[in-house]
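with the sequence up front, the predicted model follows.
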Amino acid sequence: MRDLDLTSLRLFVTVCETRNIARAGERANLAGSAISKRLAQLEENLGVRLLVRRRRGVEPTPAGETLLEHAHTLLGNAERLAHDLGSYAAGVKGQVRVLASASALAESLADDVASFLRQPEHAAIQVHIEERQSRDVVRGIRDGVAALGICWDAIDDPGLASHPYRSDHLALLVHPDHPLARCTRVRFEQTLDYDFVGLPSNSAVPLMLQRAAAELGKTMRLRVVVTSLDAVQRVVGANLAISVIPREVVAPHADQRLLQLVDLQEDWVERRFAIYFRDEKALSPAAALLVAHLQACARQQA
């Protein structure tokens with residue numbers, strides 16, 4: 001197999017997205033015949049058929065679907081490489097890409113990174129943060145998408161090196177008019193008689209809560225599923241449902257949003273976060289400095 005041509009990969013992705021060579025040509029400002037020639041050469045280089053023609057256009061073969069998945073990754077990495085090298089050309093001496101879970105980002109990570117960047121000796125360093133679910137954070141670090149990942153340390157067998165970071169505490173979030181608002185603390189089992197608002201089922205906290213409910217021989221009654229911690233708070237503020245959420249996310253805004261936190265009497269309420277990376281010795285100087293700073297922030301919390 002010959003080396004893959006990024007231009008041909010981009011054209012292949014565009015054809016797959018439009019399902020039509022003529023429309024792909026309009027988008028890429030190329031003649032359809034030129035695109036067809038490129039794709040034919042790509043198929044010859046790979047030795048497999050990538051597209052099949054239909055009455056209304058084209059669609060990828062199974063081999064084409066596989067290439068499409070890898071093409072998105074390859075093109076994304078190429079864009080990041082061009083951006084990173086462009087930053088160095090502009091005089092930036094260090095750049096660190098970080099993947100972080102929603103909880104880590106909402107609670108303390110943004111402030112910790114900001115305090116890192118405010119230090120004069122770090123003026124020539126850039127930090128880019130992308131929010132992902134915990135499992136995707138770990139997967140991204142394994143795949144080399146970013147240098148550092150920060151998420152809950154309960155991910156099974158991450159296969160990565162790590163350092164401890166901060167911790168948070170899960171609590172029950174309710175509207176002040178909810179029956180459980182009269183309690184100072186509750187067991188998780190008591191909450192399962194009420195409707196919940198939750199995050200997608202493959203997120204870290206919902207998976208843990210579902211397991212905890214199953215151990216009690218019960219299931220959680222999900223009334224609403226949202227995609228952000230802010231949306232969780234809005235649903236609870238409307239008294240549509242209750243939720244289990246990190247106390248550190250809600251506490252600063254609870255009064256303004258008509259929300260009330262109730263302690264949970266469970267041994268799993270404290271969560272610890274970790275800083276993940278593939279190899280500490282392979283970290284860039286900028287990434288190593290950021291890791292050291294985040295660890296110092298964590299020690300201050302303790």
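Yes, it's here. Residues are numbered from 1 along each chain as shown.

for the most centrally placed residue in the chain, which non-adjacent residue is closest in space?
The centroid of the chain falls nearest to residue 132 when counting by C-alpha atoms, centre = their mean (0.4 Å). Closest residue to residue 132 apart from its sequence neighbours, by C-beta to C-beta, 6 or more residues apart in numbering: residue 99 at 5.1 Å. Heads up, the C-betas are built off the backbone N, CA and C, glycines and all.

in stretch 239-259, what counts as buried?
Residues 241-250, 254, 259 are the ones in stretch 239-259 that count as buried (16 or more other C-beta atoms under 10 Å).

chain center to it, what's the gap?
22 Å (C-alpha atoms, centre = their mean, to the nearest Å).

per-residue confidence averaged over stretch 32-41?
Taken as a whole, stretch 32-41 has a mean pLDDT of 89.

any regions of this structure where pLDDT drops low?
1-2, 83-92, 156-157, 252-257, 302 (pLDDT under 70).

can you list the domains in it?
6-82, 88-166+272-301, 168-270 (automatic domain parsing).

rewinding a little: can you tell me which two in the buried residues of stretch 239-259 are farthest apart?
Using C-beta to C-beta, the two most remote members of the buried residues of stretch 239-259 are 241 and 248, lying 20.9 Å apart.

if we can go back for a sec, could I get the buried residues of stretch 239-259 as JSON lines with secondary structure and distance to residue 149?
Formatted as JSON lines, the buried residues of stretch 239-259 follow (DSSP: H, G, I helix; E, B strand; the rest coil; distance: C-beta to C-beta, whole Å):
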{"residue": "241", "secondary structure": "coil", "distance to residue 149": "31"}
{"residue": "242", "secondary structure": "strand", "distance to residue 149": "30"}
{"residue": "243", "secondary structure": "strand", "distance to residue 149": "25"}
{"residue": "244", "secondary structure": "strand", "distance to residue 149": "24"}
{"residue": "245", "secondary structure": "strand", "distance to residue 149": "22"}
{"residue": "246", "secondary structure": "strand", "distance to residue 149": "18"}
{"residue": "247", "secondary structure": "helix", "distance to residue 149": "23"}
{"residue": "248", "secondary structure": "helix", "distance to residue 149": "20"}
{"residue": "249", "secondary structure": "helix", "distance to residue 149": "19"}
{"residue": "250", "secondary structure": "helix", "distance to residue 149": "24"}
{"residue": "254", "secondary structure": "coil", "distance to residue 149": "29"}
{"residue": "259", "secondary structure": "coil", "distance to residue 149": "30"}
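
closest to residue 197 out of the residues you listed?
The nearest member of the buried residues of stretch 239-259 to residue 197, counting by C-beta to C-beta, is residue 241 at 4.0 Å.

buried residues in the longest strand that the chain contains?
Ranked by residue count under DSSP state E, the longest strand found in the chain is strand 161-174. By 16+ other C-beta under 10 Å, the buried positions in strand 161-174 come out as 161-162, 165-168, 170-174.

next: stretch 102-109.
Neighbour counts over stretch 102-109 (16+ other C-beta under 10 Å) mark 102-109 as buried.

please identify which pair of those residues lies farthest apart.
Within the buried residues of stretch 102-109, two members stand farthest from each other by C-beta to C-beta: 102 and 108, at 12.5 Å.

chain neighbours aside, what residue packs nearest to residue 213?
Distances taken as C-beta to C-beta, 6+ apart put residue 220 closest to residue 213, at 5.1 Å, once the chain neighbours are dropped.

likewise residue 147?
For residue 147, the closest residue by C-beta to C-beta, 6+ apart turns out to be residue 287, at 4.4 Å.

and the angle for the helix or strand harbouring that neighbour with strand 161-174?
Counting by DSSP states H and E, the element that carries residue 287 is helix 285-301. Relative orientation of helix 285-301 versus strand 161-174 (axes from the mean of the first three to the mean of the last three C-alpha atoms, to 10 degrees): 50 degrees.

for helix 285-301, what is the distance to the chain centroid?
Helix 285-301 sits 21 Å away from the centroid of its parent chain (C-alpha atoms, centre = their mean).

what helices or strands is it leaning on?
Packed against helix 285-301 by the contact rule (3 or more C-beta pairs under 8 Å, 6 or more residues apart in numbering; DSSP states H and E) you find strand 94-100, helix 110-118, strand 125-131, strand 148-152, strand 161-174, strand 270-277.

of all these, which one comes closest to residue 17?
Residue 17 sits nearest to strand 125-131 of all the helices and strands packed on helix 285-301, at 22.3 Å, using C-beta to C-beta.
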